[in-house]
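# how would this look folded up:
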Amino acid sequence: MNDKEREMIGLWRFSLIAPAYQGTHGFPSNRAFFRSLEKMELKDPVSGEVKDYKAGTFDVWLSLYKRKGIDGLMPR
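Predicted coordinates for the structure are as follows:
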């Protein structure tokens, strides 16, 4: 995976968790918001493959973003 692909994935992950970070999702909690994302079919921005994610994954991404910024959301 090249740097551009890593960046695409990091930005895509941020686009998913941004409403939780900004508090703009309209759900009673981040957990409820993440559960709504869990029900969606999400397409990987690089491979185009549809992937299923658990609510806990989004929670981890939010935590990584808070600690490391966008770099924390990029695959290694």
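
# List of residues touching stretch 9-22?
25, 30, 33-34, 37, 42, 44-46, 58, 61-62, 65-66, 70-71, 73-75 (C-beta atoms under 8 Å, 6 or more residues apart in numbering). For the C-beta atoms, the positions are set from N, CA and C on the backbone; glycine is no exception.

# Please flag which of these sit within helices.
Secondary structure from DSSP state H places 30, 33-34, 37, 58, 61-62, 65-66 of the contacts of stretch 9-22 in helices.

# And the contacts of stretch 9-22, which of them are buried?
25, 30, 33-34, 37, 58, 61-62, 65, 73-74 (16 or more other C-beta atoms under 10 Å).

# From those, pick the one nearest Arg6.
Met74 (4.5 Å; C-beta to C-beta).

# So that closest one sits against Arg6, correct?
Yes. Using C-beta atoms under 8 Å, Met74 is in contact with Arg6, at 4.5 Å.

# by how many degrees do the longest helix belonging to the chain and helix 30-38 diverge?
Ranked by residue count, the top helix of the chain under DSSP H comes out as helix 3-22. Here helix 3-22 points in a direction 140 degrees away from that of helix 30-38 (axes from the mean of the first three to the mean of the last three C-alpha atoms, to 10 degrees).

# distance of the residue nearest the centre of the chain from Phe34?
Nearest to the mean C-alpha position of the chain, by C-alpha atoms, centre = their mean, lies Arg13 at 3.1 Å. Taking C-beta to C-beta, to the nearest Å as the measure, Arg13 falls 13 Å from Phe34.

# got it, and Tyr53?
Applying C-beta to C-beta to Tyr53 and Phe34 gives a distance of 9 Å.

# on that earlier part again, can you pick out the most distant pair from the ones in helices among the contacts of stretch 9-22?
Greatest spatial distance in the ones in helices among the contacts of stretch 9-22: Leu37 and Lys66, 17.5 Å, computed using C-beta to C-beta.

# Run a quick neighbour tally on the closest residue in space to Lys43 that isn't next to it in sequence.
Among residues not flanking Lys43 along the chain, Val50 sits closest, at 5.4 Å (C-beta to C-beta, 6 or more residues apart in numbering). Close neighbours of Val50, defined as other C-beta atoms under 10 Å, add up to 10.
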